[in-house]
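[1] Provided below are the primary sequence and the corresponding predicted coordinates.
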Amino acid sequence: MRHPKPHRNPRRASWVPQLLVLEERCLLSYTLTELPFFSAYGLNEAGQVAGVEGTSDGEHAFLWDSGVLTDLGRGRAFAINQATQVVGYSYVPSPFRHAVLWQDGVMTDLGTLGGVVSGAYGINNVGQVVGMAEPPQGSAHAFLWQNGVMTDLGTLDGNGSKANAINDAGQVVGAGTVGPLQHAFFWENGVMTDVGALGDWDNSEATAINNAGHFVGWSTNSDFDGSEFQPFFSDGGPLTAIGPKDSAAFGINDADQVVGYMPGAGPFNIRHHAFLYADGVLTDLNTLIPPDSGFILEEAHGITGLITGIGFDQVLNQFGSFLLTPDQGRASQRLAPRVFQVLASMLEATPIQEISSQSIVTTLGGQAPSATVATPPDDAMPRQVTDAVFASHHQARSPEPWIDGEVESLELGLGPLALRI
């Protein structure tokens, strides 16, 4: 990488800093694999995917592994762990829907809490399973199943609850009733905590949790029209919005990367686009796959470093599932904010409080970089300020062709920031 020298701009008596990338430039992109079933939900780090497909006798749970599709029987599969244990629900052998665990060709009925219906929605790498099950009377309750025993996790107000996910520490998230409303909950060591709702919304649900105890979900209102959702993230503190309305979050990994859906536009009434949220930036995943793929990513449900979800094949004119694999050789999963070094020559004491530019937005795919740097002391010339952090991925995608080069520098002169490839 060439590092241009600091220079003076004779047309302007002011700072003329150059921003030099201090680490190798890697563009974020994914390879798309279409999966041969309708809805992909569960994903593990090995790239095995659990999901659902319609058949002649109803919905069947499926496991996809390196191109091999295994029919798990009538029902639905929602989650998978590193040991290839898959959980969901089945109508076999019970005529009612029961939570089940599939492993090595064997299906285990996890039972109920005394009622007739149950369903499993999450499993961790310890083999603990969560979901919801009916007690002898009343609404279904969230449960934890381990070592053959199903335990009632309780509720927020004595009525219904549902557990959606569990991490390896045994922390559980889901949703429970609070009077006429529904609120997300966080459960740990026998205590179920109401985490409220986001902003002005009055309903919420937590959908996924990582091993740090950070969780995501969505909020809505009790009088929503079917599309008014907003995604949230929590690191144990207050819920934080991570996207606009008409969006929801479904998955989070240990790097705090989040996936879900956001507003989008496309043919065939495709109203949503799958998103990736990382380092404070929400990105349409459709901008990170080959533009000629013929596939629209509509919802992302699971993320490790890989991503899975559902979309639409414009060639076959049908919905289907996908698996996204980070492109090899580009360290594509590294989404930490880039660190730049600011080399500046000061012709007059004009402090630079913030570096930003709208003109670079189209070049960088909609994200304008910004950084705050301190005013250098008057006795320093040239002045050097290090570790100015840009909260932007700098994916370098242009409106026309892909720009697939290494970013050499970002230069602030008389006019806007200029991207140099």
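    In hand now; what should we look at?
[2] can you give me the domain boundaries for the chain?
    What the record gives for the chain is the domain set 1-28+335-421, 30-326, from automatic domain parsing.
[3] what about the last one, how long is it end to end?
    Yep, that's domain 30-326 we're talking about. Using CA to CA, to the nearest Å, the end-to-end distance of domain 30-326 comes to 4 Å.
[4] the one helix or strand M132 maps to pairs with which strands, parallel or anti?
    Per DSSP states H and E, M132 falls inside strand 129-133. Taking DSSP bridges as the criterion, strand 129-133 forms sheet pairs with strand 118-123 (antiparallel), strand 141-146 (antiparallel).
[5] what about the residue lying closest to A142 once chain neighbours are set aside, neighbour count?
    Take A142 and drop its neighbours on the chain: the residue closest to it by CB to CB, 6 or more residues apart in numbering is A163, 3.8 Å away. All C-beta atoms are positioned from the backbone trio N, CA, C, and that covers glycine. Residue neighbour count, defined by other CB atoms under 10 Å, stands at 27 for A163.
[6] circling back to that earlier point, would you mind writing the CA trace of the strand holding M132 as PDB?
    The C-alpha trace of strand 129-133 is given here as PDB (Å, rounded to 0.1, in the frame of the first residue of the first chain):
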ATOM      1  CA  VAL A 129     -33.600 -27.200  24.700                       C
ATOM      2  CA  VAL A 130     -36.200 -24.400  25.200                       C
ATOM      3  CA  GLY A 131     -39.700 -23.800  23.800                       C
ATOM      4  CA  MET A 132     -43.200 -23.600  25.000                       C
ATOM      5  CA  ALA A 133     -45.600 -26.300  26.300                       C
END
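[7] contacts for it next, please.
    Here strand 129-133 makes contact (CB atoms under 8 Å, 6 or more residues apart in numbering) with 87, 89, 99, 101, 110-113, 115, 117-123, 140-146, 150, 153, 160-166, 172, 174.
[8] still on that earlier bit, let's have the strands paired with strand 129-133 in a markdown table, adding mean neighbour count.
    What follows is the strands paired with strand 129-133, written out as a markdown table (neighbours: other CB atoms under 10 Å):
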| stretch | mean neighbour count |
| --- | --- |
| strand 118-123 | 26 |
| strand 141-146 | 23 |
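[9] CSV for these, including mean pLDDT?
    Converted to CSV, those look like this (pLDDT from 0 to 100):
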stretch, mean pLDDT
strand 118-123, 98
strand 141-146, 98
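[10] now these in JSON lines, with distance to I307?
    Shown next, in JSON lines, are those (distance: least, CB to CB, whole Å):
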{"stretch": "strand 118-123", "distance to I307": "18"}
{"stretch": "strand 141-146", "distance to I307": "27"}
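[11] those: which one's closest to I270?
    Of all these, it is strand 118-123 that lies closest to I270, at 26.1 Å by CB to CB.
[12] in the longest strand seen in the chain, what counts as buried?
    The residue-count maximum for a strand in the chain (DSSP state E) belongs to strand 68-80. The neighbour-count check on strand 68-80 (16 or more other CB atoms under 10 Å) flags L72, G73, G75, R76, A77, F78, A79, I80 as buried.
[13] name the next helix or strand downstream of that strand, please.
    strand 86-90.
[14] that following strand pairs with which strands, and in what direction?
    strand 68-80 (antiparallel), strand 98-103 (antiparallel).
[15] OK, contacts around the nearest residue to G160 once chain neighbours are set aside?
    Nearest non-adjacent residue to G160, counting by CB to CB, 6+ apart: S139, 3.3 Å away. Contact analysis of S139 by CB under 8 Å, 6+ apart lists N159, G160, T177.
[16] out of those, which are inside helices?
    Applying DSSP state H to the contacts of S139, no entry is found in helices.
[17] give me the buried entries from those residues.
    In these, the ones that pass as buried (16+ other CB under 10 Å) are G160, T177.
[18] turn the contacts of S139 into a markdown table, columns for pLDDT and distance to Q128.
    Converted to a markdown table, those look like this (pLDDT from 0 to 100; distance: CB to CB, whole Å):
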| residue | pLDDT | distance to Q128 |
| --- | --- | --- |
| N159 | 93 | 24 |
| G160 | 96 | 21 |
| T177 | 96 | 24 |
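[19] picking up where we left off before, just name the most buried of the domains of the chain.
    domain 30-326 (a mean of 19; mean count of other CB atoms under 10 Å).
[20] list the contacts of N164.
    Y121, G122, V130, V173, G174, A175, E205, A206, T207, A208.
[21] for L43, see how far away the fifth one is.
    Using CB to CB, to the nearest Å, G174 is found at 19 Å from L43.
[22] the second one too?
    Distance, G122 to L43, using CB to CB: 12 Å.
[23] kindly report the same for the first one.
    In this structure, Y121 and L43 are 14 Å apart, going by CB to CB.
[24] check Q85 too.
    Q85 sits 13 Å away from L43, going by CB to CB.
[25] output the lowest mean pLDDT helix or strand found in this structure.
    Least confident helix or strand of the chain, by mean pLDDT, DSSP states H and E, is strand 383-390 with a mean of 26.
[26] right, and G176 touches A142 too?
    Yes: G176 lies in contact with A142 (CB atoms under 8 Å); the separation is 7.1 Å.
[27] mind listing the shared neighbours of those two?
    T155, S161, K162, F185, M192.
[28] hang on, the last one packs against S161?
    Pointing back at M192 there. Yes: using CB under 8 Å, M192 is in contact with S161, at 7.4 Å.
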